[in-house]
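Participant: Next one to model:
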Amino acid sequence: MPHEMAESEEAVTLSPPGSAHATVIWLHGLGADGYDFVPIVPELRLPPTLALRFVFPHAAVRPVTINGGYEMRAWYDIKALTPAGRDDAVGLDESVARIGTLVAAERALGVPASRIMLAGFSQGGAVALHAALSAGEALAGVVALSTYLPRAAALLARQPAADRGLPVLMCHGSSDAVVDIAMGSAARDALVAAGHPVEWHSYPMGHEVSARELVDVARWLVARLG
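Facilitator: Down below sits the predicted model:
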């Protein structure tokens, strides 16, 4: 049976028939909104027995420097397409706190932290990684697509040893002109060095999501949440 969709100013939610056995909170990229990844749910072809609830939050509308200060949905400001230019600590912390609230809401609905997965594309992936790594409790993992890890050294340095071991799936296009694959592999290496198991895949594509990539994502979700 198909998921039931609920819409609000905060998020789009796809709920399975009956009770959800686990939740995936999926963050869109810069300038998109929560509807952006809704169509991928049927494309994942997940077994109905998995009974996943998907929450697709909308980022706040804020001025984005690289787009001439034009206001759009963004998890934080980007001043330039460089690691330093993406370092907006205030915006990042605001969005991480917002995702923490969504995780708490899922827990209040009866889904344990160990059954809550964060996922995100590009800027959304960066927030998903930060939110999971600073959650203070062990989440099911992170699906990080075409993304990077801003402020990695500071984030990973303050992690207690007990909080290490977060499973991460990282997927990246080898010809990504928006988030260079070197930024993705640098994030991978930093996570592995900090004790987090990372499964890494690259694909012959740009800054996008491919059918082959979704096969890997679906397999990983089933393995982690099945």
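
Participant: Check the offset of the worst-scoring helix or strand of the chain on mean pLDDT from the chain's centre.
Facilitator: Within the chain, no helix or strand scores below helix 152-157, which has a mean of 76 by mean pLDDT, DSSP states H and E. Distance of helix 152-157 from the chain centroid (C-alpha atoms, centre = their mean, to the nearest Å) equals 18 Å.

Participant: which other residues reach that helix?
Facilitator: Residues outside helix 152-157 that contact it (C-beta atoms under 8 Å, 6 or more residues apart in numbering) are His130, Leu133, Ser134, Leu149, Ala186, Ala187, Ala190, Leu191, Ala193, Ala194. In this view, the C-beta of every residue, glycine as well, is placed from N, C-alpha and C.

Participant: so the last one touches Val168, yeah?
Facilitator: No: if you go by C-beta atoms under 8 Å, Ala194 and Val168 don't touch, sitting 10.7 Å apart.

Participant: If you count surrounding residues, which of those two has more?
Facilitator: For the pair Ala194 and Val168, the greater number of neighbours falls to Val168 (25 against 19), based on other C-beta atoms under 10 Å.

Participant: Look up which residues are beta-bridged to that one.
Facilitator: Val142, Val198 (DSSP bridges).

Participant: give the contact list for it.
Facilitator: Val168 sits next to Leu129, Gly141, Val142, Ala144, Leu191, His196, Pro197, Val198, Glu199 when contact means C-beta under 8 Å, 6+ apart.
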